[in-house]
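**Q** What shape does this take:
(chains A and B)
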Protein chains: 2
Amino acid sequence: MSTPNRQDPRLVVVMVGLPARGKSFIARKLQRYLNWLGYRARVFNAGDYRRQRLGAYQAHDFFDPDNPAGSEARKELSMAALDDLLRWLAHGGDVGIHDATNATRERRRLIRERCDAAGKRVLFVESVCRDASIVEANVLATKLTSPDYVGMDPEEAVQDFRVRIAHYERSYVPLVDEDGSWVKLIDVGRRMTLNRIGGHLPARIVYFLMNTHITPRRIWLSRHGQSEFNVQDRVGGDPPLSAKGLAYARNLAEFVQTSIATDKPPRVWQSMLTRSRQTAEHLMLPTEPWKALDEIDAGICDGLTYTEIETHHPEVFTARRHDKLRYRYPQGESYVDVIQRLDPMILEMEREEGPLLIISHNAVLRALYGYLTGRAMEEVPHVPIPLHTLIELIPTAYGCNEERYFLGPVA
Amino acid sequence: MSTPNRQDPRLVVVMVGLPARGKSFIARKLQRYLNWLGYRARVFNAGDYRRQRLGAYQAHDFFDPDNPAGSEARKELSMAALDDLLRWLAHGGDVGIHDATNATRERRRLIRERCDAAGKRVLFVESVCRDASIVEANVLATKLTSPDYVGMDPEEAVQDFRVRIAHYERSYVPLVDEDGSWVKLIDVGRRMTLNRIGGHLPARIVYFLMNTHITPRRIWLSRHGQSEFNVQDRVGGDPPLSAKGLAYARNLAEFVQTSIATDKPPRVWQSMLTRSRQTAEHLMLPTEPWKALDEIDAGICDGLTYTEIETHHPEVFTARRHDKLRYRYPQGESYVDVIQRLDPMILEMEREEGPLLIISHNAVLRALYGYLTGRAMEEVPHVPIPLHTLIELIPTAYGCNEERYFLGPVA
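**A** You can find the predicted model right below:
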């Protein structure tokens, strides 16, 4: 297991809140973060169970708390999702996320009982919107593309969805102290209440939720320009840029200058290494150096060519080819180590609301790119991050838009 | 500046809460953490200003909100502390902590106005106790040793202090949304509310406050036993223990076994290096390896003796002697880098409520010891952490009790 803390991480995260409060958004974002950190996390969405078993569309009266047949059916679907979640945890999962309204105390008591019986800890995550405009935007934006209303007239869909929300409002009881360990997010993190949060993983989850926001902005990723070591096929070290690398630094500056004529200038983060600093030099923007952005530490292989590694350290060469993710260079780092040390950067990146330009190195950018685009940890060491190419990512509600700009010269 | 984030950190932390709610405890703990991270943080305590200007003892009617002379005097003292704080920020301070009750909206508005005028951000930190037993314990424990009641009959002091608290209760208004950016700690962190928290440093402060607790427990620090490289006076590498080092590992196990006959067994954290793992081997306890506990990375000097460093890298030898804290080994780390990477460990250590045994290395333990005992960052590289010696630290309300056990053999 790759997580830094060896205590049993197994945890059930139970979402709570009315429809259109961003529960699924939070659930998926949390899943993506935990997967990236190396935890096996999975969302179990009660709506998916309903659509799968009862078909996509259910008229709003299905959600009426005074409709006993509907109530019973909804409870069964929610419990089916929970049972699958607990089974999955028993077979190697770390964090199961129960994505449903869970709006009543009775329902939450039932969930807690089943989790207690399975010996699993529970953390409730409630999303509350006091600001009607946030709810309205969610109703219009997300729910028009909801699988519940496929092929339906948008006006009618919105109308039906509003009535469904009103049904839930009648029985909804927000979390109180007796619900145990919980986090309440109010108006997309503008306010947050934490109740009885204990343990490593709940604290990390809460800190992550504390730092996320939903304002769209662009994140640029760039490797340093070609270095003298790139030319020689050497790893690590602290070489300066080659002539081509210096040309890329100028091309990058020109591209950024043109782009920011119509947008806020980005904050620029760079590693502490010479090739990264030189790449940022022509930007004419303030830069912030981070040790966490330095390239993977190749330990005893630092400064060698790949051929030399194969010749002098054949065991390294083979082991690394066998498991590039977990293999740690002797006295150096593995990709998993790099991911761990980038965790504070991810939180800083999440917190930042404006555009960012991150100038760093192959392994580090693979990890950051993997996080932003929701890649599984296993894929991280194999993401292509070519030289002299600016990667533009714009995180959206459920994913990430991507553009790649080759700025040259050919390296 | 050594902090990883280059944005202007300057911040005024304003404590809020009735007397005996642990405000000074939180303020000092926060100061210690921020100083250790390399920020210049300082507490400005309004009570100190009162005692200095008006003498130690003031009868409770001084604190009566219906006593205009007392109210005016208290306001002036609080503002004097704030003015000194702002002056200090203007001359190089990073975080000023205003430690006073600040119980009324009027007072908080006044503070905000002065901070706004000085261009400084404000973060309110309120401590609330709904649990009367916590307040009662604070009244009895802390306030009997308060400088306000020196030489006074304890019964009388407690009586006077209770009336003083009642005076404040009459005018106290808890923080509301309009107060801006704030954290409310309820019943020593059992519940916490965050309102409009933004920016790197406020997020870190909040995360730190989230993780602290006040349960006393012991923390044991131990270097690995003597290694083959210690014998040769070499730095870094991944050598095994020497015969003497193996003897220490057995002595340590025996000492720990004897101690835990009467206490909970500690969680054992160790670095990923062989000498640390071998030192923990005889404990017969589960161990958790942390990459963050690995020794300072000596970069190009890894594996050399100090004499070889002086001969082959005289510039390293001299530069390091000149500024051992900030000097970074080429392609390696500085003490400041070590402190940064230990930050998540400190939070994990704070969160843990039971005993801990940390088996690590000289530079890393200097940093952890420096944090626990409130050393300034500058002192960290010079703390003596001898081989074959177990350091026992028990954090208390305002400091740390320390015992050192030499377990042998002489290395």
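
**Q** Quick one: name the residues of the stretch 151-300 of chain A near chain B.
**A** A:177, A:190-200, A:203, A:206-207, A:210-211, A:236-238, A:286, A:288-292, A:297 (CB under 8 Å from any CB of the partner chain). In this view, the C-beta of every residue, glycine as well, is placed from N, C-alpha and C.

**Q** so of these, which ones are in strands?
**A** Residues of these located in strands (DSSP state E): A:191, A:192, A:193, A:194, A:195, A:288, A:289.

**Q** what's the closest non-adjacent residue to the fourth one?
**A** Nearest residue to residue A:194 in three dimensions, chain neighbours excluded: residue B:192, at 4.5 Å (CB to CB, 6 or more residues apart in numbering or on different chains).

**Q** Could you tell me how many residues sit around that neighbour?
**A** 21 (other CB atoms under 10 Å in any protein chain shown).

**Q** any idea how far it is from residue B:70?
**A** 33 Å (CB to CB, to the nearest Å).

**Q** coming back round to it: what sits against the residue nearest to residue A:194?
**A** Counting by CB atoms under 8 Å, 6 or more residues apart in numbering or on different chains, residue B:192 touches A:193, A:194, A:197, B:183, B:184, B:185, B:186, B:209, B:210.

**Q** Tell me, how many residues neighbour residue A:62?
**A** 17.

**Q** Quickly note the distance from the nearest residue to it once chain neighbours are set aside to residue A:317.
**A** Spatially, and ignoring its direct neighbours in sequence, residue A:62 is nearest to residue A:70 (4.4 Å; CB to CB, 6+ apart). Separation of residue A:70 from residue A:317 (CB to CB) stands at 62 Å.

**Q** and the residue in the stretch 201-350 of chain A positioned nearest to chain B, bridged to which residues?
**A** Chain B sits closest to residue A:288 of the stretch 201-350 of chain A, with a gap of 4.3 Å, by CB to the nearest CB. Beta-bridge partners for residue A:288, by DSSP bridges, are residue A:269.

**Q** Run a quick neighbour tally on it.
**A** 15.

**Q** ditto for residue A:300
**A** 18.

**Q** Quick check: it is in a helix.
**A** Yes. Secondary structure of residue A:300 (DSSP: H, G, I helix; E, B strand; the rest coil): part of a helix.

**Q** for it, what are its contacts?
**A** A:313, A:316, A:329, A:330, A:331, A:332.

**Q** Tell me where the model's unsure across the stretch 101-250 of chain A.
**A** Counting by pLDDT under 70, the stretch 101-250 of chain A shows low-confidence ranges at A:142-144.

**Q** can you give me the helices for chain A?
**A** A:23-37, A:46-54, A:68-90, A:105-117, A:132-141, A:154-171, A:200-211, A:228-232, A:243-260, A:274-280, A:306-312, A:314-322, A:335-351, A:362-372 (DSSP state H).

**Q** which strands and helices sit next to the second one?
**A** Contacts of helix A:46-54 with other secondary structure elements, assessed using 3 or more CB pairs under 8 Å, 6 or more residues apart in numbering or on different chains; DSSP states H and E, are made with helix A:68-90, strand A:95-99.

**Q** now these in JSON lines, with mean pLDDT and mean neighbour count?
**A** Output for those, formatted as JSON lines (pLDDT from 0 to 100; neighbours: other CB atoms under 10 Å in any protein chain shown):
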{"stretch": "helix A:68-90", "mean pLDDT": "95", "mean neighbour count": "17"}
{"stretch": "strand A:95-99", "mean pLDDT": "98", "mean neighbour count": "25"}
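
**Q** Buried ones in stretch A:359-374, by neighbour count?
**A** A:359-374 (16 or more other CB atoms under 10 Å in any protein chain shown).

**Q** now stretch A:37-49
**A** Neighbour count says stretch A:37-49 has A:37, A:38, A:39, A:40, A:41, A:42, A:43, A:44, A:45, A:46, A:47, A:49 buried, by 16+ other CB under 10 Å.

**Q** Cross-check the contact I'm expecting between the fifth one and residue A:89.
**A** Read it as residue A:41. No. Counting by CB atoms under 8 Å, residue A:89 is not a contact partner of residue A:41; they are 10.4 Å apart.

**Q** Which neighbours do the two have in common?
**A** Common neighbours of residue A:41 and residue A:89 (CB under 8 Å, 6+ apart) are residue A:96.

**Q** near chain B, which residues of the stretch 301-411 of chain A show up?
**A** So far as CB under 8 Å from any CB goes, the stretch 301-411 of chain A lies against chain B at A:302, A:330, A:331, A:333, A:337, A:340, A:341, A:343, A:344, A:347, A:348, A:351.

**Q** Let's have those in CSV, adding neighbour count, pLDDT and distance to residue B:171.
**A** Output for those, formatted as CSV (neighbours: other CB atoms under 10 Å in any protein chain shown; pLDDT from 0 to 100; distance: CB to CB, whole Å):
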residue, neighbour count, pLDDT, distance to residue B:171
A:302, 20, 92, 64
A:330, 13, 88, 65
A:331, 19, 84, 62
A:333, 21, 93, 56
A:337, 22, 93, 54
A:340, 22, 90, 49
A:341, 23, 92, 49
A:343, 20, 92, 44
A:344, 20, 89, 41
A:347, 21, 92, 39
A:348, 22, 92, 40
A:351, 17, 90, 36
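
**Q** Now do the domain split for chain A, please.
**A** A:11-210, A:219-406 (automatic domain parsing).

**Q** Adding distance to residue B:262, write those out as JSON lines.
**A** Formatted as JSON lines, those follow (distance: least, CB to CB, whole Å):
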{"stretch": "domain A:11-210", "distance to residue B:262": "25"}
{"stretch": "domain A:219-406", "distance to residue B:262": "36"}
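
**Q** nearest to residue B:65, of those?
**A** domain A:11-210 (29.3 Å; CB to CB).

**Q** now the end-to-end length of that closest one.
**A** Start-to-end span of domain A:11-210 (CA to CA, to the nearest Å) is 19 Å.

**Q** quick check, distance from it to the centre of its chain.
**A** 18 Å (CA atoms, centre = their mean, to the nearest Å).

**Q** same deal with stretch A:300-313?
**A** For stretch A:300-313, the distance to the chain centre is 34 Å (CA atoms, centre = their mean).

**Q** Start and end of that stretch, how far apart?
**A** Stretch A:300-313: ends 9 Å apart by CA to CA.

**Q** Stretch A:97-112 too?
**A** Note: stretch A:97-112 ends 13 Å apart using CA to CA.

**Q** With stretch A:14-31 instead?
**A** 13 Å.

**Q** now swap in stretch A:47-65 and tell me
**A** 17 Å.

**Q** likewise stretch A:184-197?
**A** 12 Å.

**Q** swap in stretch A:376-384?
**A** End-to-end distance for stretch A:376-384, by CA to CA: 15 Å.

**Q** residues making contact with that stretch?
**A** Residues from elsewhere that reach stretch A:376-384, judged by CB under 8 Å, 6+ apart: A:2, A:35-38, A:324-325, A:335-336, A:339, A:363, A:366-367, A:369-370, A:375.
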